[in-house]
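Participant: Mind looking at a prediction? Sequence and model below.
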Amino acid sequence: MISKTKKRPGIACQTLFLDSSIWFTAKIGMDKISEHNNMLSLKAKEEFATLGLLSSDVVKRKRHSTIFSIKGDDKLFEHLSNENVICAQRGGRIRFSFHFYNTKSDINHIVGILKTVL
């Protein structure tokens, strides 16, 4: 239990960072962020589908989130990690999550790495 009288300096920093994040997001605009994320989703879906890495359910969707789970084993995950690609292993697959700080170049870079090992 934390004493109500004990000061917690981390809270002030967290509040400052949250405030900065909200301001930055508002400055860009949610409409532009959504548009950018949609573009990233379409690009990743197209590239991963071309490589045969997505389930047929995902390929058939007209719209998909910016989170992708591709076919991949421990060896592929290790290779991607060694290439400084941030991804996660989930349920025997490899998961990528793209957001407004990512670019088409990031997806092209990942696809280039995947092409060298598939």
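Facilitator: Ah, there it is.

Participant: State the helix or strand in which residue 114 lies.
Facilitator: helix 104-117 (DSSP states H and E).

Participant: Now do that helix, average pLDDT.
Facilitator: Regarding helix 104-117, the rounded mean pLDDT is 97.

Participant: Repeat that for stretch 22-32.
Facilitator: So the average pLDDT for stretch 22-32 ends up being 90.

Participant: now the strands for this protein?
Facilitator: Secondary structure of the chain by DSSP state E: the strands cover 67-71, 88-90, 93-97.

Participant: before we move on, the earlier item: next, the angle from the helix holding residue 114 to strand 93-97.
Facilitator: With axes from the mean of the first three to the mean of the last three Cα atoms, to 10 degrees applied, the angle from helix 104-117 to strand 93-97 works out at 160 degrees.

Participant: next one: helix 104-117 to chain centre, how far?
Facilitator: Its chain's average C-alpha position is 14 Å from that of helix 104-117, according to Cα atoms, centre = their mean, to the nearest Å.

Participant: In that helix, which residues are buried?
Facilitator: Buried residues in helix 104-117, counted by 16 or more other Cβ atoms under 10 Å: 106-107, 110-111, 113-114. For the C-beta atoms, the positions are set from N, CA and C on the backbone; glycine is no exception.

Participant: that older thread, quick one: closest of the strands of the chain to residue 15.
Facilitator: The closest of the strands of the chain to residue 15 is strand 93-97. By Cβ to Cβ, the value is 25.3 Å.
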